[in-house]
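Pasted the sequence and its predicted model underneath.
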Amino acid sequence: MHSNLSRLMPAFCMMITSIFIGNPSNLIAAPLVVGTEYTITLEKMLSDGTSSAVATTTAVADANARIAFSFASVPNCPTTNFLSIKITTTADPATVVRRSFSPAPPAGSTNTLGANGISTKQAEGIVAAGALIGSDNPMVVAFGLLFTRTDQLTASDISNIAILGREGIQNGMEAYMLANGVTAAQMTTFKDNLVCNQPNTDLSNFTSLFKSAVDTPAQASADMARAAGVIGDAFIDAAAASSIDLDTILAGFDSAGDRVNTGAGATALAAITASVQASLTQGVNSFRTRLSVKKVQQRYTAALTALGVTGAELTRFNTAVTALGTSMSANETLFANYFENPATHDMNETIDVAHVAGRLDKTVGPIAAGIAQWTGAGSPAWTNIQQGLNPALSRVRNAVDYSFNASFITFSTSIASTGAEITAMRNNISTAIAGNLSLVAGLGNVGSYQNFSGATVNWPIPQTGSVNFVATNVIAGGALTYTRSTVPVPANMTWLNSNTGLRTTNFGTGNASFEALLGMQEDVMIAEFLRFDIYNPGNGTTAGNPTGLQRQAAQAAFKTNLAAIAAALGGTTDGTVALTTLQKRAMVLSQQQPSIN
C-alpha cells in the first residue's frame with residue numbers, strides 16, 4: 001500500500017493544507033490523467049449526517065498529472081464539525097477519484113491532512129455512517145476512523161462498520177454514559193472537544209498524521225500507527241475538558257462491545273471480512289489499553305502530588321510514565337502493518353510463519369523477550385503474561401497482547417520504591433508510633449508484597465508515599481480517622497483475618513491512625529475482590545461468566561464503594577488543617593495495585 005504514496009499523494013497533501021490557509025496555489029497528484037478536467041468539491045457534514053457542497057471548482061491535469069486549484073474560505077467549528085474533499089472527473093461526476101476528510105478548523109486556524117487509500121475508505125465510511133445514524137456525531141466519527149485502519153475494506157465492510165458505529169457507539173457507549181452520570185451538557189462539551197480542542201489533542205491531530213505519512217513514505221507505517229493512538233489521546237483530553245471521568249468512558253466503551261455482540265451489531269460484525277475484523281478487533285483493544293494506561297498515568301501522578309511525594313521519587317515515577325508512553329507507541333509501530341493490511345498480514349498466523357515471511361522480526365523487542373520467557377507449560381499458544389510466547393504456536397495477536405501487557409508490567413516494576421525509600425518510610429512509622437516497628441504485629445512487614453509471580457517486591461511509590469503521608473502527619477501532631485465499610489465480604493475471601501472471612505477489628509499497631517490506615521486498606525481490598533467476584537466460577541449468580549450488564553453493575557458498585565471509603569476518611573495533617581478531598585482520594589487510590597483493567 002505505501003509503495004504508491006510517493007507517486008500518488010504528496011501534492012494532494014499540499015493541496016489539502018493550502019485549502020485551510022487560503023493559498024491560491026493548490027495541487028493534487030495522480031491518480032489523474034494528463035489533460036483531463038477534474039471537479040473538486042469541498043463538502044461539509046451537516047448535523048443530520050448528510051453532506052452539503054460548500055464550493056466547487058475545476059482544474060485540468062497538467063503534464064505531470066497534477067491539478068492546481070483554490071478555495072477562498074472554508075467552514076469552521078463549532079458551527080461545522082467535519083469537512084471532506086471529493087475529486088471526480090468533470091465528464092463522470094459520479095465516479096470519485098479520491099476523498100479525504102478532516103475536522104473543521106477553528107476560525108483563523110488551520111488543519112492539515114493527507115490522502116491515501118486509507119483516508120479515502122475512512123471518508124467513505126464516515127459518509128455512510130452519517131447517513132445511517134442521521135447525525136454528525138463526533139463519537140461515531142472518531143470510532144469510524146479507528147475502525148477503518150485499512151484500505152482493503154469492501155463496500156459491504158464499510159456499510160457494516162457504519163452499523164457498528166450506530167449500535168456500539170451511539171446506542172451503546174453514548175447511551176451508557178448518559179445513563180450513568182454524564183449530563184447532556186457534558187456530552188455536548190465532550191463531542192465539541194473531540195472536534196476542536198487545540199492546543200490539546202483532538203481529531204485533527206489524527207487526520208494531520210496522514211499528511212506526514214504521505215510526505216515521507218518511508219515512515220508511513222509509523223505515522224499510521226501513531227494516528228491510531230492519537231484517537232485515544234483525543235478522548236482523554238475531551239474527557240478532561242468536559243469533566244467526565246475516564247472510568248465512565250471506559251465503562252461506556254465496554255458497553256459498546258456488549259452491544260455489538262447482540263442483535264444488529266452482532267450481525268454486522270459477523271458480516272465483516274475476516275481479515276478486516278481481526279484488524280478492527282485489535283485496533284479496538286489497543287485503543288482501550290491506551291485509555292486505560294493514560295488513566296493510570298494521570299491518576300497516580302495527581303495522587304503523588306496530593307500526598308506530597310516530590311524529588312527523586314516523583315521524577316522516577318514520571319520517567320516511568322514517559323517510558324510507558326514510548327513503549328506503547330513502539331508497539332503500535334511494530335504491529336502497524338497488521339492493523340493496516342489485514343489481507344496480507346493476518347494476526348492469526350503464528351509468529352514463526354510471520355518471521356519466515358518477513359512480516360515480523362521475532363528476534364527483537366518484546367517478541368524476543370516473550371519467546372525467551374516461554375516456559376513450555378500450560379496452553380501451547382499463550383494464556384498470560386507470565387507464560388511467554390511459543391513462536392511455533394502463538395499467534396501474532398498473542399504477541400500484540402503480550403507486548404502491550406509487558407509494557408505495563410515494566411512500568412509497574414519501574415515505579416517500585418527503592419530499599420532506601422522503604423527504610424525511610426519504616427523509620428518515619430517508628431517515630432510516629434514511638435516504638436520498634438519490627439516488634440509491632442500489624443506493621444512489621446510494611447513495605448513489601450508478593451506480586452503475581454510470587455516474588456517479594458517493594459511497594460510501588462504511591463503506596464509508600466501514602467503511608468509516609470500518614471506517618472509524617474502523625475509526627476506533626478495530625479491524625480487519620482476512618483469509619484469502616486459495612487459492604488459484605490465476598491465468599492472468595494474466606495482467608496481474610498486469619499481465615500475467619502471477617503473484617504479485622506484490631507491490626508495490632510497500637511496506634512489509632514495506623515489502625516485507620518490498615519482498615520481503609522483492607523476495605524479497598526474487599527471492594528476489589530467484590531468487583532472481580534463476578535468472574536468467580538463459584539459465584540451463584542454469574543457462575544464466572546458475567547453478562548455485560550453484570551460487568552457494568554460490578555464496575556459501578558466498585559466506584560461507589562471506593563467513593564464511600566474516601567468519604568469515610570478524616571483527620572488533619574498537623575492537628576489543625578483538615579485532610580482535603582483530593583488527599584483522601586489519593587490515599588484510597590494508592591492502596592490499589594496499578595491496573596489497566
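Looks like it came in fine.

you'd agree V446 is up against M425?
Yes: V446 lies in contact with M425 (CB atoms under 8 Å); the separation is 7.5 Å. Glycine gets a C-beta too; all of them are placed from N, C-alpha and C.

could you pull out the strands for the stretch 301-450 of the chain?
Counting by DSSP state E, counting those that start in this stretch, one finds strands in the stretch 301-450 of the chain at the ranges 448-450.

same question, the chain
Counting by DSSP state E, the chain has strands at residues 26-28, 37-45, 51-60, 67-69, 82-89, 96-103, 448-450, 456-458, 479-482, 569-572.

So for V446 and M425, which residues contact both of them?
V467 (CB atoms under 8 Å, 6 or more residues apart in numbering).

These two - which one has more neighbours?
A side-by-side neighbour count of V446 and M425, using other CB atoms under 10 Å, places M425 first with 24 against 21.

rewinding a little: Serialize the strands of the chain to JSON lines and add fields for distance to N473, mean pLDDT and mean neighbour count.
Output for those, formatted as JSON lines (distance: least, CB to CB, whole Å; pLDDT from 0 to 100; neighbours: other CB atoms under 10 Å):
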{"stretch": "strand 26-28", "distance to N473": "64", "mean pLDDT": "38", "mean neighbour count": "24"}
{"stretch": "strand 37-45", "distance to N473": "55", "mean pLDDT": "90", "mean neighbour count": "20"}
{"stretch": "strand 51-60", "distance to N473": "60", "mean pLDDT": "90", "mean neighbour count": "15"}
{"stretch": "strand 67-69", "distance to N473": "68", "mean pLDDT": "69", "mean neighbour count": "20"}
{"stretch": "strand 82-89", "distance to N473": "52", "mean pLDDT": "87", "mean neighbour count": "22"}
{"stretch": "strand 96-103", "distance to N473": "48", "mean pLDDT": "84", "mean neighbour count": "23"}
{"stretch": "strand 448-450", "distance to N473": "23", "mean pLDDT": "79", "mean neighbour count": "13"}
{"stretch": "strand 456-458", "distance to N473": "22", "mean pLDDT": "87", "mean neighbour count": "14"}
{"stretch": "strand 479-482", "distance to N473": "7", "mean pLDDT": "98", "mean neighbour count": "20"}
{"stretch": "strand 569-572", "distance to N473": "7", "mean pLDDT": "98", "mean neighbour count": "18"}
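
tally of neighbours for the nearest residue to A432 once chain neighbours are set aside?
Once flanking residues are discounted, A432 sits nearest to V474: 4.0 Å by CB to CB, 6 or more residues apart in numbering. Other residues within reach of V474, judged by other CB under 10 Å, total 26.

So which bits of stretch 334-347 are buried?
L334, F335, A336, N337, Y338, F339, E340, N341, P342, H345, D346, M347 (16 or more other CB atoms under 10 Å).

dump the residue contacts of the first one.
Translated: L334. Contacts of L334 by CB under 8 Å, 6+ apart are L360, G365, P366, I367, S403.

Just the ones in helices from these, please.
Mapping the contacts of L334 onto helices (DSSP state H) picks out G365, P366, I367, S403.

Now which of these would you call buried?
Judged by 16+ other CB under 10 Å, buried ones among the ones in helices among the contacts of L334: G365, P366, I367, S403.

Tell me which stretches of the stretch 251-400 of the chain form helices.
Remark: helices assigned in the stretch 251-400 of the chain by DSSP state H, counting those that start in this stretch are 263-271, 274-306, 311-334, 336-340, 351-356, 365-373, 396-414.

One more: the stretch 1-150 of the chain?
According to DSSP H, counting those that start in this stretch, the stretch 1-150 of the chain carries its helices in the segments 5-8, 10-21, 117-133, 138-147.

so what does the longest one touch, helix or strand wise?
In terms of contacts (3 or more CB pairs under 8 Å, 6 or more residues apart in numbering; DSSP states H and E), helix 117-133 is packed against strand 37-45, strand 82-89, strand 96-103, helix 138-147, helix 155-164, helix 203-215.

where are the low-confidence patches of the stretch 451-597 of the chain?
Scanning the stretch 451-597 of the chain for pLDDT under 70 picks out 451-454, 593-597.

now the helices: where do they sit in it?
Ranges of helices within the stretch 451-597 of the chain are 461-475, 496-499, 512-532, 548-567, 581-590, based on DSSP H, counting those that start in this stretch.

Pick the most deeply packed of those.
Mean neighbour count (mean count of other CB atoms under 10 Å) peaks for helix 461-475 among the helices of the stretch 451-597 of the chain, with a mean of 25.

on that earlier part again, what's the closest of the helices and strands packed on helix 117-133 to G538?
Closest to G538 of these is helix 155-164 (CB to CB; 35.2 Å).

got the buried residues for the closest one?
In helix 155-164, residues buried by neighbour count (16+ other CB under 10 Å) are D157, I158, S159, N160, I161, A162, I163, L164.

who's in contact with the second one?
Same thing as I158. K121, E124, G125, A128, T148.

Distance-wise, check the spatially most central residue of the chain relative to T560.
By CA atoms, centre = their mean, the chain has its centre lying nearest to L291, at 2.1 Å. Going from L291 to T560 by CB to CB, to the nearest Å gives 21 Å.

Spatially nearest residue to M587, not counting backbone neighbours?
The nearest residue in space to M587 (CB to CB, 6+ apart) is S466, at 4.9 Å.

That should have said A406, apologies.
The shortest distance from A406 to any non-neighbouring residue, by CB to CB, 6+ apart, is to P366 (4.9 Å).

As TSV, the helices and strands packed on helix 117-133 with distance to F235 would be great.
TSV is the format used below for the helices and strands packed on helix 117-133 (distance: least, CB to CB, whole Å):
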stretch	distance to F235
strand 37-45	20
strand 82-89	17
strand 96-103	14
helix 138-147	7
helix 155-164	17
helix 203-215	10
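
Quick one: closest of the ones you listed to S279.
It's helix 138-147; of those, that one is closest to S279 (CB to CB) at 9.0 Å.

Mind checking the pLDDT average for that closest one?
Helix 138-147 comes out with an average pLDDT of 87.

Please name whichever of the helices of the stretch 451-597 of the chain is nearest to F235.
helix 548-567 (17.7 Å).

can you count the residues close to the nearest residue to V141 once chain neighbours are set aside?
In this structure, V141 finds its nearest non-sequential neighbour in I126, 5.5 Å apart by CB to CB, 6+ apart. Per other CB under 10 Å, the neighbour tally for I126 reads 28.
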